[in-house]
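1. model this:
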Amino acid sequence: MNNRIYFDNAATTTLDPQVLEAMMPYLTEKFGNPSSIYSYGRETRMAIETARKSIAKILNAHPAEIFFTSGGTESSNTAILAAVRDLGCKRIITSKIEHHAVSHTVEYLDNRDAVKVNFVKLLPDGHVDLKDLERLLSSSAEKTLVTLMHANNEIGNLLDIHAVGNMCKAHSAIFHSDTVQTVGHFPFDLRNTPVHFITAAAHKFHGPKGVGMLYINENVRIKPLVHGGAQERNMRAGTENIYGIAGLAKALELATSNHETDKAAITAVKQYMHDQLLKHIPGVAFNGDVFGKSLYTVLSTSFPKTEKSEMILFNLDINNICASGGSACTSGAEQGSHVISAINNNPNQITVRFSFSKYNTKEEVDVVVEKLKELI
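-> Numbers count the residues shown, from 1 in each chain. The predicted structure is shown next:
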């Protein structure tokens, strides 16, 4: 199976060997409970706090603003529920192309009549219409939560997080941004970014699955989502996932120190695949703002719909090529992508998302394009 080509890095990435190495001691001899007072416990407590400081430094945040969670979904749920329950938000402004971790949480609150929900308009290229956002923010004096993702996981479009944050500030709104696709791929300076909550998941940047973090700006006071112990400064009960946390910190350190090199290499692979598809596949099209304000890891491609292309993901899979129709979280379902429907509802196109990592090569692109020529 070593000839497998993996082009679904926006779903998850492979674990970097150096990250595994950083995790191993906490899976073996350093097994103490971080809440215990003897030395075994103290060394694992120390590992957690070292990881927290390292992550805070990279994101230019304060260590007290970093909370460890099970990943992006838990982080977004915590932030959105707390904004309504603890910060008095009576209205939520969001978009139709958020990840389900956000949209289903908003829907849950909407169904319980806890909030009013407004959807900001999207421009034809998939970007949020900032004029419409300004209009929505001005239209009501009610305390508002704005939840808009930093980079879309299906089409890669990037939000101007500073522009939105400043708008929220001007209207005293709370701002949560799902940054799962950008932490580890994009430099952050949270001290100088007007945002209340951001999220991360280690498995999007060559760290382990099941661990992530929530940044909570120090000016915001919320209550925990998970009760039962004093862990994470009373914010998230339960014995900490130490090897996961150590892996998250190591993965973020590696992603940051090699950011420029990795970004250049991955951008080149994306550009190459874009050009090769245009050259060899008649009728191919691309979704989103492909080389504008866009994530360099994601290429959302539309192929003309035919009997052959309808089976495309299945056929790529048979040929040991991993790609996805949209988000990994909905890959088994036939209902299509809510993101693509929101920006480009063309029933005569089949969408495939290719997403890249530092381990991908142009040679792999050549193999995939050759296969696509046969399959379409």
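2. Ile340: what's its closest spatial neighbour, skipping adjacent residues?
-> Thr351 (5.0 Å; C-beta to C-beta, 6 or more residues apart in numbering). Bear in mind the C-beta positions are built from the backbone N, C-alpha and C, glycine included.
3. Pretty sure that neighbour sits in a strand.
-> Yes. Assessed with DSSP: H, G, I helix; E, B strand; the rest coil, Thr351 lies in a strand.
4. isn't it right up against Asn287?
-> Yes. Counting by C-beta atoms under 8 Å, Thr351 touches Asn287, with 6.6 Å between them.
5. what sits in contact with each of those two?
-> Listed as contacting both Thr351 and Asn287 by C-beta atoms under 8 Å, 6 or more residues apart in numbering are Ser300, Thr301, Ser302, Ile340.
6. Filter these down to the ones in strands?
-> Among those, DSSP state E puts Ser300, Thr301, Ser302 in strands.
7. What number of residues are in the vicinity of Asp289?
-> Using other C-beta atoms under 10 Å, Asp289 has 18 other residues around it.
8. Please, which helix or strand holds it?
-> For Asp289, there is no enclosing helix or strand under DSSP states H and E.
9. Is the residue nearest to it when sequence neighbours are not counted part of a helix or strand, or is it coil?
-> Spatial nearest neighbour of Asp289, chain neighbours left out: Asp125 (4.6 Å); criterion: C-beta to C-beta, 6+ apart. When classified by three-state DSSP, Asp125 comes out as coil.
10. Tell me who's in contact with Asp125.
-> If you count contacts by C-beta under 8 Å, 6+ apart, then Asp125 has Asn157, Gly288, Asp289, Gly292, Ile343 around it.
11. could these be laid out in JSON lines, adding pLDDT and distance to Val183?
-> Shown next, in JSON lines, are these (pLDDT from 0 to 100; distance: C-beta to C-beta, whole Å):
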{"residue": "Asn157", "pLDDT": "97", "distance to Val183": "17"}
{"residue": "Gly288", "pLDDT": "94", "distance to Val183": "20"}
{"residue": "Asp289", "pLDDT": "96", "distance to Val183": "20"}
{"residue": "Gly292", "pLDDT": "96", "distance to Val183": "21"}
{"residue": "Ile343", "pLDDT": "85", "distance to Val183": "24"}
